[in-house]
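Enquirer: Here's a sequence, model it:
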Amino acid sequence: GKCPFVCPNVLQLYDMIKDDPIVYDEKLPPDCLDILKKILEKDPAKRLTMAGIKAHPFYTAACPEPQPLGAQVRVTEQEIRSALTLSQQVVLMVRMKAMMKGRLASARDVIAQRSHSLGEGGAEISAAPSTPVPEGMQV
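Expert: Numbers count the residues shown, from 1 in each chain. Model prediction:
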């Protein structure tokens, strides 16, 4: 198989997954192509559910005796590691982006407070900022 999106930058990869259309290998068997398109549907409301997957001809041909939903499945440690590696990186990058947005907002608030606390003639009339400012960066 081949990943539909490949990019060394995780944030760009996340955007590609969200926004770019998937190009499918039209040489795949029709049932395989159909289930892939339905599973990878970007709109969650239209995406194939687990029950839909288990009822799909591609799945039923491979698993003639379908297991009930919630049935225990055995997977190897390697399968788990390979399945989670990229998704963990994406989650980490999304969390880092949110954290950095929060820090940026806090820094902007400190700058705005300092700007408002300056009196005429540029003399600061408020107490020292609560956030330490690196040397050479003082206002």
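Enquirer: what's the closest non-adjacent residue to Leu11?
Expert: Nearest non-adjacent residue to Leu11, counting by Cβ to Cβ, 6 or more residues apart in numbering: Met93, 5.6 Å away. All C-beta atoms are positioned from the backbone trio N, CA, C, and that covers glycine.
Enquirer: What distance do you get for the one you found to Glu65?
Expert: Here the criterion is Cβ to Cβ, to the nearest Å. By it, Met93 lies 41 Å from Glu65.
Enquirer: So between those two, which is more surrounded?
Expert: Met93 (15 against 5; other Cβ atoms under 10 Å).
Enquirer: Give me the distance from the helix or strand harbouring the more buried one to the chain's centre.
Expert: Counting by DSSP states H and E, the element that carries Met93 is helix 77-117. Here helix 77-117 is found 11 Å from its chain centre; the criterion is Cα atoms, centre = their mean, to the nearest Å.
Enquirer: got the contact list for Val94?
Expert: Under the criterion of Cβ atoms under 8 Å, 6 or more residues apart in numbering, the neighbours of Val94 are Tyr14.
Enquirer: so what's it scoring on pLDDT?
Expert: Listed pLDDT for Val94 reads 83.
Enquirer: where's it relative to Pro8, distance?
Expert: 17 Å.
Enquirer: follow-up on the earlier one: list the residues that contact the residue nearest to Leu11.
Expert: Met93 neighbours (Cβ under 8 Å, 6+ apart): Val10, Leu11, Tyr14.
Enquirer: Closest one of these to Lys46?
Expert: Tyr14 (20.7 Å; Cβ to Cβ).
Enquirer: Could you list the low-confidence segments of the chain?
Expert: In the predicted model of the chain, residues 1, 66-67, 84-88, 119-139 satisfy pLDDT under 70.
Enquirer: go with 90
Expert: 1-11, 13-14, 25-26, 54, 59-99, 102, 105-107, 109-139 (pLDDT under 90).
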